[in-house]
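> Quick check, what structure comes out for this input:
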Amino acid sequence: MKLATLRTGGTTRAVRLDGDTLTDLGYPDLGALLAEDDWAGTAAAATGATYPLAGAEFAPVVPRPSKVVCVGLNYRNHIQEMGRDLPEHPTLFAKFADSLIGAGDDILRPAETAEFDWEVELAVVIGKSARRARGEQAEAAIAGFTVLNDITCRDWQFRTREWLQGKTWDSTTPVGPYLVTPDELPGGVRPALDVTLTVGGETMQSDNTGDLLFDPVALVEYVSTVVRLNPGDLIATGTPGGVGHARKPARYLSGGETVVTEIQGLGRLENRVVPDGGAA
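Numbers count the residues shown, from 1 in each chain. Now for the predicted structure:
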């Protein structure tokens, strides 16, 4: 199944993609749906109102996850381009829900940064509570996958050894448009999918999730050892080579660009970079 959170009539609705229509699942968003024990059965059986896919506006696939855990340095070629050794353990940092935007929303470029960068990422969507999950339990915790662009203020990221201040700026992280269940993907809970990112039509990143050093199941095991994963939580699995910061000379998003982030079988994000007006 392909599921999403649709904006409609000034509110949001959880929907299922059926050809060229979207079927209402009876919940305000995917976070509320995933909180149900049999969310998959409910989603498959739903026969609610329908909305046209054409012109649909998507909210973040889970608008208010309890946590967004991100993984740095998880593609071998990106680790090499950043001049680092292969890590023994995943490098973790966090984002806050206020950083998330929908698949077609504008990315707000802060005036405070001169080094605004892109990062295409496969994101895991959690569908079942997990703590110290191992093996089949970790696999069962994965509801599906979505697309995420981990937009980063590099000059803020590298102010200290901790990265959070460069990674969680308000309204900078598009995620969606769909949650795609593992049964629809080659490799299932360890999918092998082509990932690409373009800026103004120029390809900047191109790789396959088969190059991940720590796969989605291993990440669920590792993260759930530290903290409970709740339904609707997201794990961004890391980005491949081709980020602007590692180019020679470095390239960054100055504003006005359209960034397209796409993963095979999951869909695409298309976002324009605009100035953040700074209003509270």
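
> As a check, name the ranges of all strands in the stretch 51-200 of the chain.
Secondary structure of the stretch 51-200 of the chain (DSSP state E, counting those that start in this stretch): strands at 57-58, 68-72, 91-95, 100-101, 107-109, 116-117, 120-126, 142-149, 152-153, 173-180, 194-199.

> Can you tell me the closest non-neighbouring residue to the spatially most central residue of the chain?
Centroid-nearest residue in the chain, with Cα atoms, centre = their mean: residue 148, separated by 2.7 Å. Spatial nearest neighbour of residue 148, excluding adjacent residues (Cβ to Cβ, 6 or more residues apart in numbering): residue 123 at 4.1 Å. C-beta coordinates here come from the backbone N, C-alpha and C atoms, glycine included.

> quick revisit: what pairs with the residue nearest to the centre of the chain across the strands?
Beta-bridge pairing for residue 148 (DSSP bridges): residue 121, residue 175.

> Do I have it right that it meets residue 124?
No - Residue 148 is beyond contact range of residue 124, at 9.8 Å (criterion: Cβ atoms under 8 Å).

> rewinding a little: I'd like the strands of the stretch 51-200 of the chain as JSON lines, with distance to residue 164 and mean pLDDT appended.
Conversion of the strands of the stretch 51-200 of the chain to JSON lines gives the following (distance: least, Cβ to Cβ, whole Å; pLDDT from 0 to 100):
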{"stretch": "strand 57-58", "distance to residue 164": "26", "mean pLDDT": "98"}
{"stretch": "strand 68-72", "distance to residue 164": "9", "mean pLDDT": "96"}
{"stretch": "strand 91-95", "distance to residue 164": "5", "mean pLDDT": "96"}
{"stretch": "strand 100-101", "distance to residue 164": "15", "mean pLDDT": "98"}
{"stretch": "strand 107-109", "distance to residue 164": "18", "mean pLDDT": "98"}
{"stretch": "strand 116-117", "distance to residue 164": "15", "mean pLDDT": "98"}
{"stretch": "strand 120-126", "distance to residue 164": "16", "mean pLDDT": "98"}
{"stretch": "strand 142-149", "distance to residue 164": "16", "mean pLDDT": "98"}
{"stretch": "strand 152-153", "distance to residue 164": "11", "mean pLDDT": "98"}
{"stretch": "strand 173-180", "distance to residue 164": "13", "mean pLDDT": "98"}
{"stretch": "strand 194-199", "distance to residue 164": "22", "mean pLDDT": "98"}
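
> and these as a markdown table, adding distance to residue 212?
Converted to a markdown table, the strands of the stretch 51-200 of the chain look like this (distance: least, Cβ to Cβ, whole Å):
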| stretch | distance to residue 212 |
| --- | --- |
| strand 57-58 | 25 |
| strand 68-72 | 9 |
| strand 91-95 | 13 |
| strand 100-101 | 22 |
| strand 107-109 | 25 |
| strand 116-117 | 20 |
| strand 120-126 | 8 |
| strand 142-149 | 12 |
| strand 152-153 | 19 |
| strand 173-180 | 17 |
| strand 194-199 | 10 |
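
> Mind checking these for the one nearest to residue 214?
Among these, the nearest to residue 214 by Cβ to Cβ is strand 68-72 (6.8 Å).

> got the end-to-end distance for stretch 176-196?
For stretch 176-196, the first and last residues are 15 Å from each other (Cα to Cα, to the nearest Å).
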